[in-house]
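*Asks:* build the 3D model from these lines:
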Amino acid sequence: MNRRGAASIAANPVLIGAATTLIVVVAVFLAYNANNGLPFVPTYDLKVVVPNAANLVPGNEVRVGGSRVGVIDEITPRREPNGAVSAVLNLKLETVVDPLPRDSTVLVRSRSALGMKYLELNRGDSTEGFVTGDTVPLAQATPAPVEIDEVLGTFDEPTRAASRTNMNEFGGALSARGESLNDALGSLPGLLRTLQPVMANLADPRTDLEGFFRGLGQAAAEAAPVGREQASLFRGLDTTFTALSDVREGLQETISTGPRTMQTAIDELPRQRPVLRNAEALFSELRPGVRAISSAAPDLAQTFTRGRTVLRESVELNERLEPTFRSLQEFAEDPLSTLGIRSLRTTVQIARPTVADLAPLQTVCNYASLFFRNAASVLSEGTATGTWGRFIIISSPEGPNNEGTASSSFANGGTPENFLHTNPYPNTPGNGRTNECEAGNENWVKGRPVIGNVPGNQGRNVDRTERATTDGGGLSQSIPGDQGGGTNGG
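*Replies:* Reported below is the predicted structural model:
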């Protein structure tokens, strides 16, 4: 019975036609509404405000990451408070997009070069999302879309002519320079690392880059009246560079070695700062001497003139000194030399206080020079009988306890000269003593003995022209200062 019913339906042309018509109507309905989404399918509805619909039409796709997630259902204009007109897009999105993060952005993009558009959603990172019916604000329609006609419109006739000229010139400039370009690109990362702090300094408001260009403009305005002179300067530069073209290979070699030279300067110049500071101090101390050289310049010129002969002969001397310097080098490299120098340094450190205490004897009072000169005078001067070092007569003063006879005490009277005047430790500068050159400058007090340092400061005047003389048949030294009484017993 069923077989007969099925056969009767298949054999009925009316039923077959009705079923076919129903299927076609349903297919047309679905095709017509495909851009608006399938019926009876839940959607996630949002509104998006964009500054310009940019040729969008209802039914255009909405994409996330290149995948279709919905369509534009309706487009309506809206006037903003500032008077501009924007477009409000009603979107029907698939529920997989729900919820769209609130920091998401939208962008109208071209689907093809024929003008078809679509709306791209860039999902944000916010934990909060838009709910169905919310509106994505105009501020999140970023970045501003760039239309293909705007891009093509920039290539007008002057731009195209300039592009052809640039391509021609760049082609000639880059021809056969591939290796140099590779080297330049290889050095570019280091340049950019170095350039970053430079750009940061230029961008800093404290650099006042705007003021620099403002000043540059003022400088250009000042230079405008001397434009002819500047043109003459450039003509001279052209002549100079024409001459330099003959030494092109040398300049190229100089430029190619320049980076290594600069790097060496960067590494070494900071290490030279102590030397430069010491040189500055040295030149400051040399200024008085340099000023004095002006008066000695004629003598120096004569010295240099005559010194040429000596310099010619110094070549032979240098050759003879070569073994000496080699010996000095061996001595310097000997480990025992270091030990000796350290011991010498210890000796100097130990002797320093003593030398510092004794130095004023010569540097202030000139005692050593006086001693050797007077000793020489004693051995070279005298009378017909002989020099003072070979023939000495000393007559003792008269009075009680004088030096000529036995005495029970020191010389103590009779005559003004017969009083003991002695100073075994005269004052000299340094080590806390009175700052005076007392030896040879004592003013002896007549009529009483004086033992030790005489009263008062005798000063630091030292005779620099003394010589041995005689006085009363005896030997005395012409030492500065009033000798006052005699030196009996001294």
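
*Asks:* okay, now Val64: neighbour count?
*Replies:* Applying other Cβ atoms under 10 Å, we find 19 residues neighbouring Val64. Yep, even glycine has a C-beta here, placed from its N, CA and C like the rest.

*Asks:* any chance you could map the strands in this structure?
*Replies:* Assigned by DSSP state E, the strands in the chain fall at 44-50, 61-64, 67-79, 85-93, 100-101, 105-110, 117-122, 129-130, 135-136, 421-422, 450-451, 468-471, 474-477.

*Asks:* which strands border the first one, and is each parallel or antiparallel?
*Replies:* With DSSP bridges as the test, strand 44-50 is paired with strand 85-93 (antiparallel), strand 135-136 (parallel).

*Asks:* average model confidence for the shortest one?
*Replies:* In this case it means strand 135-136. Averaged over strand 135-136, pLDDT sits at 87.

*Asks:* and that strand, how far out from the chain's middle?
*Replies:* 55 Å (Cα atoms, centre = their mean, to the nearest Å).

*Asks:* show me the shaky parts of the stretch 1-150 of the chain.
*Replies:* 1-12, 14-15, 26-41, 113-115, 145-150 (pLDDT under 70).

*Asks:* format the strands paired with strand 44-50 as TSV; extra columns: mean neighbour count and distance to Phe213.
*Replies:* Output for the strands paired with strand 44-50, formatted as TSV (neighbours: other Cβ atoms under 10 Å; distance: least, Cβ to Cβ, whole Å):
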stretch	mean neighbour count	distance to Phe213
strand 85-93	18	38
strand 135-136	18	42
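
*Asks:* distance to Ser380 added to those, as JSON lines?
*Replies:* As requested, the strands paired with strand 44-50 are exported to JSON lines (distance: least, Cβ to Cβ, whole Å):
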{"stretch": "strand 85-93", "distance to Ser380": "121"}
{"stretch": "strand 135-136", "distance to Ser380": "119"}
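
*Asks:* centroid-nearest residue for this structure?
*Replies:* Pro270 (6.9 Å; Cα atoms, centre = their mean).

*Asks:* just the mean pLDDT for the lengthiest helix in the chain, thanks.
*Replies:* Looking across the chain with DSSP state H, the single longest helix is helix 273-333. When pLDDT is averaged over helix 273-333, the result is 85.

*Asks:* as CSV, the strands of the chain with distance to Ala279 would be great.
*Replies:* Conversion of the strands of the chain to CSV gives the following (distance: least, Cβ to Cβ, whole Å):
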stretch, distance to Ala279
strand 44-50, 70
strand 61-64, 70
strand 67-79, 73
strand 85-93, 72
strand 100-101, 67
strand 105-110, 63
strand 117-122, 64
strand 129-130, 72
strand 135-136, 70
strand 421-422, 55
strand 450-451, 56
strand 468-471, 51
strand 474-477, 49
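
*Asks:* out of the ones you listed, nearest to Thr405?
*Replies:* Checking the strands of the chain against Thr405 by Cβ to Cβ gives strand 474-477 as the closest, at 17.7 Å.

*Asks:* give me the mean pLDDT for the closest one.
*Replies:* 36.

*Asks:* helices along the protein, start to end?
*Replies:* 2-10, 13-32, 148-153, 157-174, 178-203, 209-223, 227-244, 248-268, 273-333, 335-363, 367-380.

*Asks:* and the fifth one, how far out from the chain middle?
*Replies:* What that stands for is helix 178-203. The answer for helix 178-203 is 20 Å, by Cα atoms, centre = their mean.

*Asks:* and if you look at the longest one?
*Replies:* Centroid separation between helix 273-333 and its chain, computed with Cα atoms, centre = their mean, is 33 Å.

*Asks:* now do that helix and helix 335-363, the angle between them.
*Replies:* 120 degrees (axes from the mean of the first three to the mean of the last three Cα atoms, to 10 degrees).

*Asks:* what is helix 273-333 packed up against?
*Replies:* Packed against helix 273-333, as judged by 3 or more Cβ pairs under 8 Å, 6 or more residues apart in numbering; DSSP states H and E, are no other helices or strands.
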